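Q: Pasting the sequence and the predicted model now:
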Amino acid sequence: KQEVTQIPAALSVPEGENLVLNCSFTDSAIYNLQWFRQDPGKGLTSLLLIQSSQREQTSGRLNASLDKSSGRSTLYIAASQPGDSATYLCAVRFSGGYNKLIFGAGTRLAVHP
Amino acid sequence: NAGVTQTPKFQVLKTGQSMTLQCAQDMNHEYMSWYRQDPGMGLRLIHYSVGAGITDQGEVPNGYNVSRSTTEDFPLRLLSAAPSQTSVYFCASSSFLAGEGSGANVLTFGAGSRLTVL
């Protein structure tokens, strides 16, 4: 079964810390992997998309890496800010399934001043 | 630039009632999908469509029907609501791609519809 797992489920850090969120998936045959942000009571906003042929993507203070062979992706957030507090979700588009994204349960991040 | 619009935002139903969650997008996206989000379980795919007249089941399709008569609209129907269908429902769309290699594959989500079944 194709599954996506995110660890940790929750994380609380002081402002300014660099942090890493982890995502693992069970099948290395993927088209791409996306990281989303979800604020409480809101929809999802796409942060980064990494294609199967890529190793990483960067946007501002965010850097996402992909290691297909080990079935892992990490989202690195540099110099965290209170405004980064949200739930971060990883979603994998496995090969052969149109645009069927399989989501992890998310990591709930709290950055305190 | 409305993006993906979902209605209603909130709904309370009694067991056995029926209702339709509406989803509309104005980006001419071929692909549309419905997810449900439950605490601690992430988002699970209910149904999806790769174009008008074409729909298919996702991970948790039981109890839900969909149709796609136009490119813009993808309603989700609950024929006989059950308490287990209490959840937050999200509609998402994107340009359809059969393979990898394009940034247009990014999903755009609606703001969600919170449904409570008593």
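A: Good, I have the coordinates.
Q: From now on I want contacts and neighbour counts done on CA atoms only, so please keep to that.
A: OK.
Q: Report the mean per-residue pLDDT for stretch B:108-118.
A: Confidence over stretch B:108-118, taken as the mean pLDDT, stands at 94.
Q: With stretch B:33-40 instead?
A: 90.
Q: chain center to it, what's the gap?
A: The gap between the average C-alpha position of stretch B:33-40 and the chain average comes to 9 Å, counting by Cα atoms, centre = their mean, to the nearest Å.
Q: partners of the lowest-mean-pLDDT helix or strand in chain A in the sheet?
A: Scoring the helices and strands of chain A by mean pLDDT, DSSP states H and E places strand A:101-103 at the bottom, with a mean of 86. With DSSP bridges as the criterion, the sheet partners recorded for strand A:101-103 are strand A:86-94 (antiparallel).
Q: Quick check: the nearest residue to residue A:107 once chain neighbours are set aside vs residue B:40, distance?
A: In space, and not counting its chain neighbours, residue A:107 is closest to residue A:9: 4.5 Å by Cα to Cα, 6 or more residues apart in numbering or on different chains. When distance is defined by Cα to Cα, to the nearest Å, residue A:9 is 9 Å away from residue B:40.
Q: ok, so what distance separates the closest residue to residue A:89 other than its chain neighbours from residue A:84?
A: In space, not counting the residues next to it along the chain, residue A:89 is nearest to residue A:106; the distance is 4.4 Å by Cα to Cα, 6+ apart. Applying Cα to Cα, one obtains 14 Å for the distance of residue A:106 from residue A:84.
Q: The closest residue to chain A within chain B: what's it in contact with?
A: For chain B, the residue closest to chain A is residue B:42, as judged by Cα to the nearest Cα, at 3.7 Å. The neighbours of residue B:42, taking Cα atoms under 8 Å, 6 or more residues apart in numbering or on different chains as the test, are A:89, A:103, A:104, A:105, A:106.
Q: Buried subset of the residues you listed as a ChimeraX selection?
A: If you want just the buried ones from the contacts of residue B:42 in ChimeraX, going by 16 or more other Cα atoms under 10 Å in any protein chain shown, the selection is:
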select /A:89,103,104,105,106
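Q: From the contacts of residue B:42, pick the one nearest chain B.
A: residue A:105 (3.7 Å).
Q: So the closest one: helix, strand or coil?
A: When the structure is split into helix, strand and coil by DSSP: H, G, I helix; E, B strand; the rest coil, residue A:105 lands in coil.
Q: is the residue lying closest to residue A:20 once chain neighbours are set aside in a bridge, and if so with what?
A: Distances taken as Cα to Cα, 6+ apart place residue A:76 nearest to residue A:20, at 4.6 Å, with adjacent residues excluded. According to DSSP bridges, the partner residues bridging residue A:76 are residue A:20, residue A:63.
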